[in-house]
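Peer 1: Coordinates for the following, if possible.
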Amino acid sequence: MSASRWLATLAGRRSERFASRLGEGAGQLKLLAGMLYDWASGRYPNLPASTLLSIAGVLVYFMMPLDAIPDPIVALGLLDDLGVLATVWLRCQSDIGQYRDWKALQQKTGEGDDGE
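Peer 2: Next comes the predicted model:
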């Protein structure tokens, strides 16, 4: 398994584990993890390098328990993660929309394979 697929898989699992604390951010992280996974699997090669790096960066930041505000600090620990996520989400909105459209088409035609 490539490092990108490994990161995407772990970040997707961690977003599920912290879903109650992340709110809408959990779904956003899971979608970004899916984008990275599908890119690394060769199923979705249409990601610009800047978007790919932004997604990988936010997922790495999310995986690090000790960052600007350590994650174990209850009620505050994930605020910085959500801030980084919001920045990447807004910056990559166009590419995220294109991926969502592609993913919906894959699922509609039965070609979708989450793989995570």
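Peer 1: remind me which residues of this protein are low pLDDT?
Peer 2: 1, 71, 74-75, 112-116 (pLDDT under 70).
Peer 1: cutoff 80 now
Peer 2: 1, 65-77, 111-116 (pLDDT under 80).
Peer 1: Centre-most residue in this structure?
Peer 2: In the chain, the residue lying closest to the centroid (CA atoms, centre = their mean) is Leu32, at 2.6 Å.
Peer 1: From Ala56, how far out is Leu36?
Peer 2: Here Leu36 is placed at a distance of 6 Å from Ala56 (CB to CB, to the nearest Å). C-beta here means a position set from N, CA and C on the backbone, and glycine is covered the same way.
Peer 1: These two: which is more packed in?
Peer 2: Taking neighbours as other CB atoms under 10 Å, Leu36 and Ala56 compare with Leu36 leading, 25 against 20.
Peer 1: Let me see the contact set for the closest residue to the more buried one other than its chain neighbours.
Peer 2: Distances taken as CB to CB, 6 or more residues apart in numbering place Ala8 nearest to Leu36, at 4.1 Å, with adjacent residues excluded. Contact analysis of Ala8 by CB atoms under 8 Å, 6 or more residues apart in numbering lists 33-34, 36-37, 40, 59, 116.
Peer 1: Which among the residues you listed count as buried?
Peer 2: Buried subset of the contacts of Ala8 (neighbour count, 16 or more other CB atoms under 10 Å): 33-34, 36-37, 40, 59, 116.
Peer 1: Of those, which is the nearest to Ala68?
Peer 2: The closest of the buried ones among the contacts of Ala8 to Ala68 turns out to be Leu59 (CB to CB; 16.0 Å).
Peer 1: hang on, that closest one packs against Met35?
Peer 2: No - using CB atoms under 8 Å, Leu59 is not in contact with Met35; the gap is 9.8 Å.
Peer 1: quick one: common contacting residues for Leu36 and Ala56?
Peer 2: Counting by CB under 8 Å, 6+ apart, the residues touching both Leu36 and Ala56 are 4, 7.
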